[in-house]
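In: Sequence and predicted structure below; questions after.
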Amino acid sequence: MEKRTFGRSGLQVTTLGLGAAEVGYRVTSFEASARLLNTALDCGINVIDTAAGYADSEEKIGRALAHRRGEFHLFTKCGRFAAPQVADWPASLVERSLETSLRRLRTDHVDLLLLHSCPLAVLKNAELIAAMVRARETGKTRLVGYSGDSNAALYAAGMGVFDALEISVNIADQEAIDRIFPEAAARGMGVIAKRPVANAAWLNDEGYGATYRERLKKLRFDFLASDPAKAVDIALRFAVHTPGVHVAIVGTTKPERIAQNVSAVESGPLDPARYEAIRERWRAVAKPDWAGQG
């Protein structure tokens, strides 16, 4: 699989990573989780993205992959769920959360520690940001970043503190491409595309994808009426090969789906006409309030 240099950090990341939220929330047994995680590495993926708030995802990753720690880059997040309110984001949260994550993950460092979808007010907390910087300086994390969208993501990109940005990029969520990517590029930041297949919202009725489902009804992309596997293939390749994206993280509960995703990514970028048609349709239809979804 193709690798890209992750911003100014020098990390070489595969264009596809595994999002491990489902490992905590939906894959209930350790054996099934271990099979999923090891399949990702066996397929050539070298980025695993998780969070302190993803139920027992970190514990499962630690148990399943500690012996393969040198084969992949480990990204985790702190803050959300543990501290949903602005007043509950003290500077001590960073150190406390990171120490817990390292213990769960059975490692002495992570490659990237992200603030997890905190509001703009939290990003303006100088003590909290200083705690993130200290975590990097002590070597407990190689890089620090922000996971979030829209106004908060734009502010985070312009702070000059963070090494990376994790942000929503997909066929139904293109705000970041024009509004935020230029600032991230100017700062030399690594960019992780989350939700790259828009939660496959056109294929299911899950509440989590409701906003995307409504947008897609208006966008009316022709390929969404085709074979479901082909539609997912096109959506994934759109996100992965959008200029400015270094790695796209996809979650799944099925090991066989990982191999399919890898195959799709390895088939290369979309035809330029197809890619530009998706972009043009967004520009023509998207409303001013179609902000990035956190």
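Out: Done, it's in. Numbers count the residues shown, from 1 in each chain.

In: quick one: the strands in this protein?
Out: 3-5, 12-14, 16-19, 47-49, 73-78, 110-116, 141-147, 164-168, 190-194, 247-250 (DSSP state E).

In: what number of residues lie near residue 219?
Out: 20 (other C-beta atoms under 10 Å). All C-beta atoms are positioned from the backbone trio N, CA, C, and that covers glycine.

In: Am I right that it is in contact with residue 283?
Out: No - look at residue 219 against residue 283 with C-beta atoms under 8 Å: they stay out of range, at 10.9 Å.

In: Show me the one of the strands of the chain that comes nearest residue 214.
Out: strand 164-168 (15.3 Å; C-beta to C-beta).

In: which sections of this protein are below the confidence cut-off?
Out: 80-88 (pLDDT under 70).

In: what about stretch 13-33, how long is it end to end?
Out: 22 Å (C-alpha to C-alpha, to the nearest Å).

In: now that stretch, how far from the chain's geometric center?
Out: With C-alpha atoms, centre = their mean, to the nearest Å as the basis, stretch 13-33 stands 13 Å off its chain's centre.

In: I'd like the strands of the chain written out as TSV, with mean neighbour count added.
Out: Below are the strands of the chain laid out as TSV (neighbours: other C-beta atoms under 10 Å):
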stretch	mean neighbour count
strand 3-5	14
strand 12-14	20
strand 16-19	26
strand 47-49	26
strand 73-78	27
strand 110-116	26
strand 141-147	25
strand 164-168	28
strand 190-194	26
strand 247-250	26
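
In: Could you pull out the buried residues of stretch 220-233?
Out: 221, 223, 224, 231, 232, 233 (16 or more other C-beta atoms under 10 Å).

In: And it, end to end?
Out: Note: stretch 220-233 ends 17 Å apart using C-alpha to C-alpha.

In: tell me how far it is from the chain's mean position?
Out: 22 Å.

In: need the helices for the protein, in chain order.
Out: Using DSSP state H, the helices of the chain run over 21-25, 30-42, 57-65, 92-105, 120-123, 126-137, 150-158, 175-179, 181-186, 210-219, 228-240, 255-266, 272-285.

In: Quick one: closest of the ones you listed to residue 291.
Out: Nearest to residue 291, of the helices of the chain and by C-beta to C-beta, is helix 150-158 at 4.2 Å.

In: how about the helices of the chain, which one is nearest residue 6?
Out: That would be helix 181-186 among the helices of the chain, by C-beta to C-beta, at 11.8 Å.

In: Against which helices or strands is the closest one packed?
Out: helix 150-158 (3 or more C-beta pairs under 8 Å, 6 or more residues apart in numbering; DSSP states H and E).

In: Point out the other helices and strands that the helix it packs on packs with.
Out: helix 120-123, strand 141-147, strand 164-168, helix 175-179, helix 181-186.

In: what sits up against the third one?
Out: The set of residues external to strand 164-168 that reach it, using C-beta atoms under 8 Å, 6 or more residues apart in numbering, is 6-7, 9, 49, 75, 112, 114, 143-149, 153, 156-157, 176, 180, 184, 189-195, 249, 292-294.

In: okay, the angle between it and strand 141-147?
Out: 30 degrees (axes from the mean of the first three to the mean of the last three C-alpha atoms, to 10 degrees).

In: Could you tell me which strands strand 164-168 is paired with, and in which direction each runs?
Out: strand 141-147 (parallel), strand 190-194 (parallel) (DSSP bridges).

In: then the last one to PDB, C-alphas only?
Out: Only the C-alpha atoms of strand 190-194 are listed here, as PDB (Å, rounded to 0.1, in the frame of the first residue of the first chain):
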ATOM      1  CA  GLY A 190      -0.500  15.800   9.000                       C
ATOM      2  CA  VAL A 191      -4.200  15.300   8.100                       C
ATOM      3  CA  ILE A 192      -6.300  12.300   9.000                       C
ATOM      4  CA  ALA A 193      -9.700  11.900   7.200                       C
ATOM      5  CA  LYS A 194     -12.300  10.500   9.500                       C
END
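
In: No further questions, thank you.
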